[in-house]
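J.: Quick one: sequence and predicted model below, then my questions.
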There are 2 protein chains.
Amino acid sequence: MRKGKITIPTDESFVEGTKKISELWGADAVRDCDGTVLPANVAELADKVYNTYFVVRGDNRWAEKHPEETHRTFLMSERAIADGEKLTIPVMKGYFAQQIEPDWENVSYWEVIDRTAGESVKEWTADKKDGVVVLENAKPFHEYTVDFLAKIIWHPVQIYNYLTNNWTCEKQKMYDPAFPNTAEYIKKHMDEWCKAHPETNVVRFTTFLYQFSLVFNEKGKEKYVDWFGYGMSTSPAMLVDFEKEYGYKLRAEDFVDGGCYNNPFRIPSPRFRDYMRFVQKRVCATVRSLTDIVHANGKEAMMFLGDDWIGAEPYGEYFKETGLDAVVGSVGGGVTVRMLSEIPYVKYREGRFLPYFFPDTFFDGNEDAAVAELNKNWNTARRAIMRKPLDRIGFGGYLSLAAKFDKFVNRVAEVCDEFRAVSEAAGSAKPYNVLTVAVLNCWGKVRSWMSHMVAHELWYQQIYSYQGVLEALSGLPVEVRFISFEDVRKGIDKDIDVIINVGDAETAYSGGENWADEKVLTTLRRWVKEGHGFIGVGEPTAHASEKDGRFFRLADVLGVDKERGFTLSDDKYNIFAKKHFITEDVDGEIDYGEGMKNIYALADTDVLDIAISDRFKRSVNVGEVKLAANAYGKGRGVYIAGLPYSAANARLLLRAMIWSAGKENALKKAFSSNPLTECSYYPETGKYAIINNSDKEQTTTFYDINGKAAFVALRAGEILWK
Amino acid sequence: MRKGKITIPTDESFVEGTKKISELWGADAVRDCDGTVLPANVAELADKVYNTYFVVRGDNRWAEKHPEETHRTFLMSERAIADGEKLTIPVMKGYFAQQIEPDWENVSYWEVIDRTAGESVKEWTADKKDGVVVLENAKPFHEYTVDFLAKIIWHPVQIYNYLTNNWTCEKQKMYDPAFPNTAEYIKKHMDEWCKAHPETNVVRFTTFLYQFSLVFNEKGKEKYVDWFGYGMSTSPAMLVDFEKEYGYKLRAEDFVDGGCYNNPFRIPSPRFRDYMRFVQKRVCATVRSLTDIVHANGKEAMMFLGDDWIGAEPYGEYFKETGLDAVVGSVGGGVTVRMLSEIPYVKYREGRFLPYFFPDTFFDGNEDAAVAELNKNWNTARRAIMRKPLDRIGFGGYLSLAAKFDKFVNRVAEVCDEFRAVSEAAGSAKPYNVLTVAVLNCWGKVRSWMSHMVAHELWYQQIYSYQGVLEALSGLPVEVRFISFEDVRKGIDKDIDVIINVGDAETAYSGGENWADEKVLTTLRRWVKEGHGFIGVGEPTAHASEKDGRFFRLADVLGVDKERGFTLSDDKYNIFAKKHFITEDVDGEIDYGEGMKNIYALADTDVLDIAISDRFKRSVNVGEVKLAANAYGKGRGVYIAGLPYSAANARLLLRAMIWSAGKENALKKAFSSNPLTECSYYPETGKYAIINNSDKEQTTTFYDINGKAAFVALRAGEILWK
């Protein structure tokens, strides 16, 4: 129990320190990091040595030999308004010349779009000398953009690190194995590298072939970031191959997508879905050719879920072909734990915890903050680990920095022990779940635990009120599944009790046009009426129809709709909140995050919470419903305006799910009453774990699986086994 | 100066009191009210006697003789979900059986709509006995409604007064002159009535043929209200005539409109526009046949702008045909003043002021509140009267009630004097305006000063942040015009300096699909670039396009767009507010009312105000822009998130208009610096009026038309002439 499942960073200047800490933490693996070099005798430090490996960067000599084989991406120029008939558009305006360069040799792939008319323009010329596209017959006061193909001449992630840390090393160029020379080269290089690194047990791919979308502006600052973006996988070679396989040609605008670049909030077009499938198949096959070499050299292949991960979707249909042994990713909370811990087909999954051992955290006087960050990260992650454990955890950065802080080092040691204990108790046994819930959106399974993200783990004002639903789910005693509208059309899985639809109108997460599909609507109505639960958060089931005053297409199920100005003439009398099972644990105000404006309840709905501004006298037609419950046949609908993650909101969601599924009697089984605590039960071992998610002592009533109650007190952050 | 332009109510039990008050207030006209009877010797009380006249109600004997000639309306049943193939829909569910009755004799006009498929259903039967419509072949789990024709069997406005005041009088039925017998009857009755009322000088029509939409629920409470609704003008007679004139048949769903009943927030369909035009022509011609009779009897015809006013649109193309002498309407503030005072073709326009002399205000101990209501009403109305005076003002209710309160009676006397003074000074001379502004929406001129209203003058959470723009405009030194998208297509009037577009996305006020029209976009872009101003409030120029990431179609002009989740990947750096001409008079926080969420600024825009929640650290990608200014060629764009009326916001709007028009140097001419005060200048008479809109003493710097400054102090509510 005092050793194993832990990876630590090391470097050549900290060998003795590494040994000490390794022993204290029970580490069995060491790794290098960006900017560090493994010591010569690294194999003595741990059972396993991880070594970072880059597939499409790091060899500038190769890159310079084959500049035509660099990566490409389609970009949209700034929007330009034609003053008269002649319009000159400087394509690079707003872009970073050190990162990208227009591909003037492949202008045939470019496209000019009249954004005012929504049409592709036929007549224009590209002028490489001046870096512009010229229209001689523009329509005055129409808005135009150039969708241009650009070469990526500096690796985007390195740009970020380089400029942030004022590096002066070589700027890494890129090479794309979609092209024939590089396709051969990467295999040869892989084999040579394996042979040159006998000490390495695990090749830590960082990562494979295509970087997620990351574009910089003219000042070298981030301009566009999409952790899911497929934009940087495009190239003439790829497009030609796509056409061969799918029988049709993709256009520049298929990628530029009106400036939205098919980001995951967009409802994926059939053409983009085809392209994604094509890239996934291609990438996974290429990865396999590399993992075969790794295995032939007696090593393991580990994927870092980040950087150039595009196409290697861990929940995609081709992932099993990759031959990977492991995946590692950073852990920001429960969602990222589950995103990692549920990845299929690999032998083990590792989470890299925070804080990263970098000077921005580890400076004199900041030790308490470092410990607090560790505790926060561990406590939010732990509740997800209880439900579906990671196989390993680790840390990154400069170990020598962390080593200076005893309190921190000792606290990590405790965390490592606690992780091993949880891992042992929960590892093989599936915990007890009170019900099965499915999150319904356009992506379904392929984007399991990935919805509502922009840049990986970053907080945006527009997403945290929805991401909170997943964060809450990650640690609740429910089986979680991700389903698509296609899955609904095929028929809802028998074991699903509750479906959740969460997001803004017309996005891929809410579903947009799918809610105009009779099949989707009737399938869900029937399913709820027959005795299931449907929970909507934000603008669920929303789709504007000119023909109908309803906005939420399943307003009948949810019991609420959104007022967009078209039904103001309808008097609204249902503006008084009632007590309810769902809100029984609520203490004070519910935090709906950004909430949702202008939601009103239908006549028979139970309003559970409504916000009425001080401007209004309550009489009629006022207030914004924030929480509502609606009986629907034998089933039930629930509406929630928004649900940022908090312990209180996780409890609220649990109760909403249980109520909507009609399982109120199941609540107080394997349950801890205090919302700041949670209980997991492992039937196989008969063990209960009660965790205190807060940094204060808590008391709670613990109920066993038969509903027998007992009083329990927990120290701050404690995990108690019963 | 001490007499004239004032109308007061009277009744047979208050003759001597009327005389006293009439003298004190300088009244020259008396009127009756709902529930009062004019005294026998009424002609002795004033120069003019107004007498209320109802055209389509009040004679139940006639109504009972011709029940088939009552008014009709198309209503939508409650939405019903089919459980299986048989579906029974009770059409009257949720309606008030004392008000309406399904027209079972005209079931051929009914329609059943499958709301899930968005289609009209062919096979169904109506069962009068059970009051239901039955579908034998419903599609399971589709949602259906019945669009049924209903008879109106109790006048809606009387229902309201009757139930509110517990009346026990006869319930007034209705009769529609679209039918032949009633068409003849109303003329005959008009003539007889005139002859029977020799004491009457002014026939106060309350009102004409068709009631605005007002429907009650099963409890007798208001269910649906639309002061602009044409729904109650529909009948088989009308539909047959429409088809004759327009050559096509209207369907039930043309009126039901997905449950929105063509309320004015809906973008009017071409079919509904045809119908409106048809009704207006019809109503105005019928009114003319009545006013001819009134005139032949030596009396004047006055329209009450309310109740059955539908079709007699005062800004409509047929209004000049009505032959009306006058219009009277209630005054809730500046907007209603201007709505009345600008009505063309009549000889005079009268505003009825608040408070109404009813027991709910005039009870012991409430005198100060009554005076306060009077002052508030007068102060908000006065600033509009300064710009375009009413010809007369008046009061309603029971004069005997008001008479008990000396302070109130004396304050009204002052108001009457002040009104006459303003009227004299401003009456003939047009005040100086610094610029001309046009409010652009789907309605244009026909709904001048009428936008964003639901029930006349009632406050809704979704409208006050937009109505405030009109309220501010009503008293500002600018010429105000209302234009439609059709007007823009034809070419913008040369004298317009600034265009304002205000409202929620896809409504008739914002414009919806009109923003997909290249002609509209290019005309406005060219016009702004050439040196004009464009101001957007709320979701201006918004129209969702699947092909484009932009939501505000003139984001280039406004300098902002709304984040709907599709451009989260774009980094937003423009999040710091700057000082600006527009905000120079701002003291403290600006009140944006409901504001607008998720507005972000384009890169070159000047952000003037941005809201950043305490949840966020300001770095990038945070904050919601509330106010922004954008240079656009020689012109300028301004964005405002919302603008409820206040003195401060009126000033903000004035500055925004002046800045957008590039007329900053014109601000301090005929101007009063303190935002709680305003200045009007009448070039013809050379007079300046400085008004204190507040109930406290104010000091201000007054600038004459040449910019010469002088210090001025004003008592609470004072008007100062220079």
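T.: Cool, the structure landed. What you see is a predicted model, and the numbers here were worked out from it, not measured in a lab.
J.: tell me what the single longest helix found in chain A is packed against?
T.: For chain A, the helix reaching the highest residue count under DSSP state H is reported as helix A:270-296. The contact analysis (3 or more CB pairs under 8 Å, 6 or more residues apart in numbering or on different chains; DSSP states H and E) places helix A:270-296 against helix A:180-196, strand A:202-205, helix A:236-246, helix A:252-256, strand A:300-304. In short, each C-beta sits where N, CA and C put it, glycine included.
J.: Now distance to chain B too, for those, in CSV please.
T.: Shown next, in CSV, are the helices and strands packed on helix A:270-296 (distance: least, CB to the nearest CB, whole Å):
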stretch, distance to chain B
helix A:180-196, 28
strand A:202-205, 25
helix A:236-246, 21
helix A:252-256, 8
strand A:300-304, 22
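J.: want to try a markdown table for the ones you listed, with mean neighbour count and mean pLDDT as columns?
T.: Shown next, in a markdown table, are these (neighbours: other CB atoms under 10 Å in any protein chain shown; pLDDT from 0 to 100):
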| stretch | mean neighbour count | mean pLDDT |
| --- | --- | --- |
| helix A:180-196 | 16 | 97 |
| strand A:202-205 | 24 | 97 |
| helix A:236-246 | 16 | 97 |
| helix A:252-256 | 22 | 97 |
| strand A:300-304 | 24 | 98 |
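J.: Nearest to the spatial middle of chain A, which residue is it?
T.: In chain A, the C-alpha nearest the mean C-alpha coordinate belongs to A:Met450, at 3.3 Å (CA atoms, centre = their mean).
J.: now it: how far from chain B?
T.: 14 Å (CB to the nearest CB, to the nearest Å).
J.: Once you drop chain neighbours, what's closest to that residue?
T.: The shortest distance from A:Met450 to any residue other than its chain neighbours is 6.2 Å, reached at A:Met339 (CB to CB, 6 or more residues apart in numbering or on different chains).
J.: what are the phi and psi values for the one you found?
T.: phi -60, psi -40 (degrees, to the nearest 10).
J.: measure it to A:Gly332 for me?
T.: A:Met339 is 10 Å from A:Gly332, where distance means CB to CB, to the nearest Å.
J.: Of these two, which one has the most company?
T.: A:Met339 (27 against 20; other CB atoms under 10 Å in any protein chain shown).
J.: so A:Arg61 is in which element?
T.: Under the criterion of DSSP states H and E, A:Arg61 resides in helix A:60-65.
J.: ok, residues contacting that helix?
T.: Residues outside helix A:60-65 that contact it (CB atoms under 8 Å, 6 or more residues apart in numbering or on different chains): A:57, A:70, A:170-175, A:182, A:185, A:189.
J.: for stretch A:280-289, same thing?
T.: Residues outside stretch A:280-289 that contact it (CB under 8 Å, 6+ apart): A:177-178, A:183, A:186-187, A:205, A:208-210, A:233, A:238, A:241, A:303, A:310-313, A:316-319, A:321-324.
J.: Repeat the analysis, applying 7 Å as the threshold.
T.: Residues outside stretch A:280-289 that contact it (CB atoms under 7 Å, 6 or more residues apart in numbering or on different chains) are A:177, A:187, A:208-210, A:311-313, A:316, A:318-319, A:321-323.
J.: how does chain A divide into domains?
T.: Chain A breaks down by automatic domain parsing into domains covering A:6-56+A:180-213+A:267-426, A:435-666, A:671-721.
J.: Specify the local secondary structure of the residue in the stretch 351-500 of chain A positioned nearest to chain B.
T.: The stretch 351-500 of chain A approaches chain B most closely through A:Val454 (4.7 Å), counting by CB to the nearest CB. Applying DSSP: H, G, I helix; E, B strand; the rest coil to A:Val454 yields a three-state assignment of coil.
J.: Could you find the closest non-adjacent residue to A:Gly26?
T.: Closest residue to A:Gly26 apart from its sequence neighbours, by CB to CB, 6+ apart: A:Lys3 at 4.0 Å.
J.: Secondary structure element holding the one you found?
T.: Here A:Lys3 is assigned to no helix or strand, by DSSP H and E.
J.: how far away is it from A:Arg349?
T.: Taking CB to CB as the measure, A:Lys3 falls 19 Å from A:Arg349.
J.: Please apply the same query to A:Phe14.
T.: 27 Å.
J.: So which of the two has more stuff around it?
T.: Between A:Phe14 and A:Arg349, A:Arg349 has the larger neighbour count (other CB under 10 Å), namely 24 against 18.
J.: where does that one land on pLDDT?
T.: Per-residue pLDDT puts A:Arg349 at 97.
J.: isn't there a strand covering it?
T.: Yes. Under three-state DSSP, A:Arg349 falls within a strand.
J.: what sits against it?
T.: A:326-327, A:340-341, A:343, A:390-391.
J.: Show me the one in those that has more neighbours than the rest.
T.: Using other CB under 10 Å as the neighbour criterion, A:Val327 leads those with 27 neighbours.
J.: so that one, which of the three states?
T.: strand.
J.: and the gap between it and chain B?
T.: 24 Å.
J.: so who does that residue touch?
T.: Residues in contact with A:Val327 (CB under 7 Å, 6+ apart) are A:302-303, A:305, A:314, A:340, A:343, A:346, A:349.
J.: can you tell me if stretch A:589-605 touches chain B.
T.: Yes. Judged by CB under 7 Å from any CB of the partner chain, stretch A:589-605 and chain B are in contact via A:597-598.
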